[in-house]
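Q: Let me see the structure of the following:
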Amino acid sequence: MRREYILCFCALLFACLLCSASKLRAQQPSATKPQQPSAPNQTTQPSAKPSTPDAPPDSQDSRRVEGPPAGFDRAQGQSRTLTIDEAISLSLKQASLYQQSELDERIAAEDVKQSRAAFFPQFSVPLTYFGTTPSRYRIEGEPPTFSYVSSSAINETVALFQASGEIDISGRLRAQMRRSRHLLEAARAGTQVARRALALNTIDAYYNLVLARQRRRLAEETLSLAEGFHKVVEGRMQRGEDESEGADILRARSQLATRRDELEQARAAESGAMDVLRVLTGVNFTTAIDVQRIAQDLPTASDFASYTEEMLKSRPELAQVDAQKIAAQEEARAARGERLPQFAYTVNGGFDAGDFRPLTRYSGGSATVTLTIPVFDFGASKSRETQARLRAQSLDVQREMTLRLLQQEFYTSRAIALNALTRIRETETGANEAQKNMMLVLAQYRVKKATITDVVDAQAAYADARLAYFQAIIDYRTARFRLEQSLGQ
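A: As a prediction, this is how the structure comes out:
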């Protein structure tokens, strides 16, 4: 008789385990299809079994996308899927410091044109009329004459075609030309710096949204676990198997409320991360953004052999400082040229007449050559030269500081990426083990071999392990992008 009781108990326990496993599989949320919104007064029954960490994707999994949760972002039925390259491309078209840098580059290009134009003559057509009152002293019988000694008639008309310019014997114009060209190079490098910074900001915003979405999915899974466990505790109380005098059901309800609060916080964080990406990419705020799932075909440490410190020499930050330094040196040469003789010329062709009838009599050409020798300007040009040389020395210090910062960024990003590869492997193993432990503790609780505290701790450990796994992947991706020279090409 005792043997029959034992066999019945074992069969009942085995049936319960099979039933719970089938329910867990049936309640597993889909990884590719967002949940449908529930009715206002209807409680959603989430799953009690978490999904395992994403397996290495095949050709189809790598194209899957992560959609936002049903509800607040899907209200108007608009959705848009963005890849990381598309997000960078959209952000470059929006109003930003990158757009401002492009305008600065175009302004510098116009300075080059102006400096080049200083070498050529400036053509103009001055038209002048000069009239005086008749002289009060006149000889009787003669016509009235002009009163000013500098005039040639009472009504004098001058019309000339004039060409004027400067012959650069001091080198001042050439120095200004070279300065403008190097400032243009600095502006182009600054555009590349702003472009890289904007691309990195977009990458950070994109992966922040990816991580926020994964955090929300984990909050939904842990809420499903808490709801399923709450039902288990209620079932035990109804069957009279709960010997804790209601402590387990109170703890289960408290855990359920905590998980619901975590889910709402995760949804709010996801909405905020999506808004940041919308600002950068210009996507309408009524359009939900779907992002690509995190790829699992991660490289090994050997793929970082091509990333060396020599790559820093081609960074636009250093090119910008070098061009600004040369421009400052050319500015000093231009200031020194102001203290040297200046040679200017003016060539005219036209007429200067008081009467248009014999116009050809007063027509002709003229040329004026002027040599200006500076004597004393109270040290103004000397001060400008000294100021430009000090600016060049300041840029030497700035270049050294910039190089150190780039070295720090390079080695930090390289270390984070290499460390993230190790973390990915370890956290993936830890997430799998945490999942197995949680299922085992839940089964032990059903046969009264584990406490509710053990179940709660196992659920929290599983959620933390999954989040650490996704965080390691995000850290690898962002660090790897910071090692790249050109982003979003």
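Q: part of a strand, is residue 137?
A: No - counting by DSSP: H, G, I helix; E, B strand; the rest coil, residue 137 is not part of a strand but coil.
Q: Please export the C-alpha coordinates of the helix or strand that contains residue 318 as PDB.
A: Under the criterion DSSP states H and E, the helix or strand holding residue 318 is helix 316-337. What follows is helix 316-337 as a C-alpha-only set of coordinates in PDB (Å, rounded to 0.1, in the frame of the first residue of the first chain):
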ATOM      1  CA  PRO A 316      41.200  65.400 -38.700                       C
ATOM      2  CA  GLU A 317      41.800  66.900 -35.300                       C
ATOM      3  CA  LEU A 318      45.500  67.000 -35.800                       C
ATOM      4  CA  ALA A 319      45.200  68.200 -39.400                       C
ATOM      5  CA  GLN A 320      43.000  71.000 -38.200                       C
ATOM      6  CA  VAL A 321      45.600  72.200 -35.600                       C
ATOM      7  CA  ASP A 322      48.500  71.900 -38.100                       C
ATOM      8  CA  ALA A 323      46.600  74.000 -40.700                       C
ATOM      9  CA  GLN A 324      45.800  76.700 -38.100                       C
ATOM     10  CA  LYS A 325      49.400  76.900 -37.000                       C
ATOM     11  CA  ILE A 326      50.700  77.400 -40.600                       C
ATOM     12  CA  ALA A 327      47.900  80.000 -41.100                       C
ATOM     13  CA  ALA A 328      49.100  81.900 -37.900                       C
ATOM     14  CA  GLN A 329      52.700  81.900 -39.300                       C
ATOM     15  CA  GLU A 330      51.500  83.300 -42.600                       C
ATOM     16  CA  GLU A 331      49.600  86.000 -40.700                       C
ATOM     17  CA  ALA A 332      52.900  86.900 -38.900                       C
ATOM     18  CA  ARG A 333      54.600  87.300 -42.300                       C
ATOM     19  CA  ALA A 334      51.700  89.400 -43.600                       C
ATOM     20  CA  ALA A 335      52.000  91.700 -40.600                       C
ATOM     21  CA  ARG A 336      55.800  92.000 -41.100                       C
ATOM     22  CA  GLY A 337      55.100  92.900 -44.800                       C
END
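Q: Can you spell out which helices and strands pack onto that helix?
A: For helix 316-337, the packing partners by 3 or more CB pairs under 8 Å, 6 or more residues apart in numbering; DSSP states H and E come out as helix 172-238, helix 380-446. No exception for glycine: its C-beta is placed from N, CA and C like everyone else's.
Q: relative orientation of it and helix 380-446 in degrees?
A: Per axes from the mean of the first three to the mean of the last three CA atoms, to 10 degrees, the angle that helix 316-337 makes with helix 380-446 is 170 degrees.
Q: when you compare where helix 316-337 runs with where helix 172-238 runs, what's the angle?
A: Here helix 316-337 points in a direction 160 degrees away from that of helix 172-238 (the same axes, to 10 degrees).
Q: Quickly run through the sheet partners of the very next helix or strand once past helix 316-337, with directions.
A: Remark: after helix 316-337, the chain's next helix or strand is strand 342-353, criterion DSSP H and E. According to DSSP bridges, strand 342-353 forms sheet pairs with strand 155-167 (antiparallel), strand 363-372 (antiparallel).
Q: Just the residues contacting the longest one, thanks.
A: With CB atoms under 8 Å, 6 or more residues apart in numbering as the test, strand 155-167 has contacts from 118-131, 146, 173, 342-354, 356.
Q: so residue 284, which of the three states?
A: On the three-state scheme (three-state DSSP), residue 284 is labelled coil.
Q: For the residue most central in space within the chain, which non-adjacent residue is spatially closest?
A: Here the mean C-alpha position of the chain is nearest to the C-alpha of residue 198 (CA atoms, centre = their mean), at a distance of 2.0 Å. If you skip the residues right next to it in sequence, residue 198 has residue 98 as its closest partner in space, 4.6 Å away by CB to CB, 6 or more residues apart in numbering.
Q: Go ahead and list the helix or strand containing the one you found.
A: When secondary structure is defined by DSSP H and E, residue 98 falls within helix 97-117.
Q: Identify all contacting residues around the helix or strand that that helix is followed by.
A: Beyond helix 97-117 in the direction of the C-terminus, DSSP H and E gives the next helix or strand as strand 122-124. Counting by CB under 8 Å, 6+ apart, the neighbours of strand 122-124 from elsewhere in the structure are 161-165.
Q: In the next helix or strand after strand 122-124, which residues are buried?
A: Next helix or strand after strand 122-124 toward the C-terminus (DSSP H and E): strand 127-131. By 16 or more other CB atoms under 10 Å, the buried positions in strand 127-131 come out as residue 130.
Q: Could you do stretch 364-383 as well?
A: Buried residues in stretch 364-383, counting neighbours by 16+ other CB under 10 Å, are found at residue 381.
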